[in-house]
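In: Please find the sequence and the predicted model below.
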Amino acid sequence: MIHIAICYNIPSMIADIHITEKSFGDKTLMRDVKFSVDDGEKVGVVGRNGVGKSTLFGILAGTDTDYTGEVIFRRGITVASTAQEHHGLGDQTVLSYILAGLPEYAALKKIIDEYPETMGDNMRKIEEYTQALERFDQKGFYQIEEKIERELDNFQLSGCSERPLGSLSGGQKRLVEIVKIMHAEAHLALIDEPTNHMDYVAKQQFIDWMSSQPRQAMLIITHDRDVLGRVDRIIELKDGQAVSYRGNYDAYLKQNAQATAAGMNNFEQVEKRMTNLRQKVLDYQRLKEKSRNPGTIQKFKRLENEARAELAELSEMDKPTFWIDKDSAEQLDYKSAERYGKFKARNIRLSMKDAASRSQHVLVRVEDAAVGVGERLLFEGVNIDLREGEAVELRGRNGAGKTTLIRMLLGQRGGSDSSLSDKSIVLQTALPDAFDLEETAGKRTAAAAPPSAARVHSSLKSPLEISRERSAETSAPRERFTVSGGGGVAAAAPILYSGNLFLDPQVRVGVYEQEIDERYLADPLEVAIEKLYLSRDLPISDTKIRQLLADYLFTEADRMTPLARLSGGQKARFQIITMLANDPQLLILDEPTNHLDLPSIEELETALAKYSGAILYVSHDNYFRQEIGGEVVQIGAV
């Protein structure tokens, strides 16, 4: 949306924000949030899930007015924000929705379209029409539709321009919002989690665009460290306030470590003072009781009351949130490290088996796989050899077939512990024997090692040839696997044209998905957890549920909240519970860092680094990729 505010004229500052209080019921979300934004400044907004980042954007965009404080914009500036909801816009085409956000476009287009029919010899209208044509050309609007089409293509929304907005998925709508923001020409853009549904190419295009707008200021809610590495400043919302750090992500980590160390020292002094005051209250009480002099009694009573008053004031202070990234924490001096161990903020606790039980057992093997849908080839020449203790990254653009390959692997197993759950599809495959495995000295080994992942099968036939040949075959019936999965390229049944797929049928698999199984969306959180465990024949109790809620930082109020109403970060934590429920030996991760805050991402990375099983993952987070490592297998074109 576009919001225009008329205020003051200060050359560099375009916005001055001071929110004295924002509450929901009896919960105060913000108090004394104060910061400003300068011309052209790129500001990342971070904070733990639930601290009010999206609420802040609602206030700045003018959609949330239920707060106390002031939001002041420089005279005449425009503010554009990515919309979260699109009520009443479902029938509007994507192209018309984006064009509606362009300054001047609608007014100029109206004149150009309508005036030729009505202006006649009216000199005023002729002049307005001429000026409109010139301005339309100056703004580049004659080429704007082609430009928008190209940008939609870049974000893998080809063919979507004339589709109704309501027909798109939530992720596609977010990408449309980014394209709209790119054309809004606002002085200040409010962008919420822009890269969550982007692949590595689209993300780099967004970062390049962000960095190439010297006159446009941006506030960007994100925990994508690749984006944060390119901002000018980071504002962290914590403890109801806004803390500003000059510089990019690396500078933020250093400044945060220094500020947190100082804050812990101050908090320790407060705790010592409170301990001292409690002792003084007891001492004054005893002295008062022993005294017989009325004046002395009054003196000790006054001192006791003063100590109680100061103690009450200090007790009302909330404990600050202390978090330091693991690399900076390792550099703390002994005393600061001791304080951090004592005072650090609670984080999610992931329970995984460590590397002690690691072996070299083959869990996943793909040999020269070529997969397509109908007569369209998705990818070919894919090879994977994944053993316990190893990691493999599936690298490719959105729609290249990464999820399709995962579904086909899981389709050989079936079972509730290995489903990608959005809608059921049927995989029709003509699978050769999935690797002749030989028993050698009691140890199971592959008969032949797979070729390099980069090599394409030299005798691979075209998808059309293979499809026709297999249609004519009657002696080799097709195996059919029902696989749960959502969206993507697999609207039709994927076909394994050639190659071998193998997933150990005995291995326990944990899958992290972007979307929650719709069977659980209407259930309260604790009911969903119970159903999840029971559906897998896993033991569950009230004690276990309470422990899981505590481990993953859910509050008492969250217990009875339906999953559909949880925040993105809360849903992500539920998906981690889902993934780890059956103590898996193989983890399949689909963009696991989306929606998680920075401390939770770090905790996930730390746990995965110690994990004894195998990891097959998809991620466009370069920091996460560097931490997890492993062989990179390219799916489709680079």
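Out: In hand now; what should we look at?
In: Let me know the average pLDDT across stretch 564-578.
Out: For stretch 564-578, mean pLDDT rounds to 89.
In: Next, the buried residues of it.
Out: 566, 569-578 (16 or more other CB atoms under 10 Å). C-betas here are computed from N, CA, C, even on glycine.
In: Among these, which lie within strands?
Out: Per DSSP state E, strands hold no members of the buried residues of stretch 564-578.
In: ok, G140 touching K147?
Out: Yes. Counting by CB atoms under 8 Å, G140 touches K147, with 7.5 Å between them.
In: of those two, who's got more company?
Out: K147 (14 against 9; other CB atoms under 10 Å).
In: Show residues contacting stretch 389-399.
Out: Contact with stretch 389-399 is made by 156, 197-202, 355, 358-360, 364, 379, 384, 386, 402, 405-406, 488-489, 612-619, 625, 628-637, as judged by CB atoms under 8 Å, 6 or more residues apart in numbering.
In: Okay, now it: how far is its last residue from its first?
Out: 28 Å (CA to CA, to the nearest Å).
In: buried sites along that stretch?
Out: Within stretch 389-399, the residues scored as buried using 16+ other CB under 10 Å are 389-399.
In: Would you reformat the residues you listed as TSV and include secondary structure?
Out: Formatted as TSV, the buried residues of stretch 389-399 follow (DSSP: H, G, I helix; E, B strand; the rest coil):
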residue	secondary structure
G389	coil
E390	coil
A391	strand
V392	strand
E393	strand
L394	strand
R395	strand
G396	coil
R397	coil
N398	coil
G399	coil
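In: so which of those residues comes closest to R508?
Out: Within the buried residues of stretch 389-399, distances to R508 taken as CB to CB reach their minimum at G389, with 15.3 Å.
In: Thought R174 was touching A83, still the case?
Out: No. If you go by CB under 8 Å, A83 and R174 don't touch, sitting 9.6 Å apart.
In: Listing request: residues of the stretch 51-200 of the chain with sub-threshold pLDDT.
Out: For the stretch 51-200 of the chain, the stretches with pLDDT under 70 are 87.
In: got the residue ranges for the helices in it?
Out: 53-61, 94-99, 105-118, 123-138, 144-154, 170-184, 200-211 (DSSP state H, counting those that start in this stretch).
In: Just put these in CSV and tack on distance to M30.
Out: CSV is the format used below for those (distance: least, CB to CB, whole Å):
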stretch, distance to M30
helix 53-61, 7
helix 94-99, 32
helix 105-118, 36
helix 123-138, 42
helix 144-154, 35
helix 170-184, 25
helix 200-211, 26
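In: Please report how far H223 lies from Y105.
Out: From H223 over to Y105 the distance is 34 Å, taken as CB to CB, to the nearest Å.
In: Then T561?
Out: 42 Å.
In: go on, D523?
Out: Distance of D523 to Y105, given as CB to CB: 45 Å.
In: Kindly report the same for L589.
Out: With distances taken as CB to CB, L589 is found 42 Å from Y105.
In: Of the two, which one has the most company?
Out: L589 (25 against 17).
In: Whichever strand or helix holds the more buried one packs against which elements?
Out: Applying DSSP states H and E as the criterion places L589 in strand 586-590. In terms of contacts (3 or more CB pairs under 8 Å, 6 or more residues apart in numbering; DSSP states H and E), strand 586-590 is packed against helix 402-411, strand 509-512, strand 614-618.
In: right, and the ones you listed - which one's nearest L89?
Out: helix 402-411 (28.6 Å).
In: which residues of the stretch 301-450 of the chain fall in strands?
Out: 362-373, 376-387, 391-395, 423-429, 437-440, 443-446 (DSSP state E, counting those that start in this stretch).
In: Which of those strands comes out lowest on mean pLDDT?
Out: Per-stretch mean pLDDT for the strands of the stretch 301-450 of the chain is lowest at strand 437-440 (a mean of 30).
In: is it true that A329 touches R339?
Out: No. Here A329 lies out of contact with R339, judged by CB under 8 Å, at a distance of 11.1 Å.
In: buried stuff in the host helix or strand of I545?
Out: For I545, the element it lies in under DSSP H and E is helix 542-551. The neighbour-count criterion (16+ other CB under 10 Å) identifies 545, 548-549, 551 as the buried residues of helix 542-551.
In: what's the average pLDDT for that helix?
Out: Across helix 542-551, the average pLDDT comes to 92.
In: just checking, what packs against that helix?
Out: Based on contacts counted as 3+ CB pairs under 8 Å, 6+ apart, the elements that helix 542-551 packs against are helix 525-535.
In: distance of S12 from L548?
Out: Using CB to CB, S12 is found at 49 Å from L548.
In: Also K301?
Out: From K301 over to L548 the distance is 50 Å, taken as CB to CB.
In: How about I384?
Out: With the distance defined as CB to CB, I384 ends up 32 Å from L548.
In: Helices of the stretch 251-400 of the chain, residue ranges please.
Out: Under the criterion DSSP H, counting those that start in this stretch, the stretch 251-400 of the chain contains helices at 294-315, 326-330, 334-343.
In: And F624, which helix or strand is it part of?
Out: Going by DSSP H and E, F624 is in helix 622-628.
In: who's in contact with that helix?
Out: Residues contacting helix 622-628 (CB under 8 Å, 6+ apart): 200, 225-226, 391, 393, 592-593, 601, 605, 608-609, 615, 617, 619.
In: Convert the C-alpha atoms of stretch 540-560 to PDB, please.
Out: What follows is stretch 540-560, C-alpha atoms only, in PDB (Å, rounded to 0.1, in the frame of the first residue of the first chain):
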ATOM      1  CA  ILE A 540       3.300 -39.600  24.000                       C
ATOM      2  CA  SER A 541       2.200 -38.300  27.400                       C
ATOM      3  CA  ASP A 542       1.200 -34.900  29.000                       C
ATOM      4  CA  THR A 543       4.600 -34.700  30.500                       C
ATOM      5  CA  LYS A 544       6.300 -35.300  27.100                       C
ATOM      6  CA  ILE A 545       4.000 -32.600  25.500                       C
ATOM      7  CA  ARG A 546       4.900 -30.100  28.200                       C
ATOM      8  CA  GLN A 547       8.600 -30.800  27.800                       C
ATOM      9  CA  LEU A 548       8.400 -30.300  24.000                       C
ATOM     10  CA  LEU A 549       6.500 -27.000  24.500                       C
ATOM     11  CA  ALA A 550       9.200 -25.800  26.900                       C
ATOM     12  CA  ASP A 551      12.100 -27.000  24.700                       C
ATOM     13  CA  TYR A 552      10.700 -25.100  21.700                       C
ATOM     14  CA  LEU A 553       9.900 -21.900  23.600                       C
ATOM     15  CA  PHE A 554       6.100 -22.200  23.400                       C
ATOM     16  CA  THR A 555       4.200 -20.400  26.200                       C
ATOM     17  CA  GLU A 556       1.300 -21.600  28.200                       C
ATOM     18  CA  ALA A 557      -1.000 -19.500  26.000                       C
ATOM     19  CA  ASP A 558       0.300 -21.200  22.900                       C
ATOM     20  CA  ARG A 559      -0.800 -24.600  24.100                       C
ATOM     21  CA  MET A 560      -4.400 -24.100  23.100                       C
END
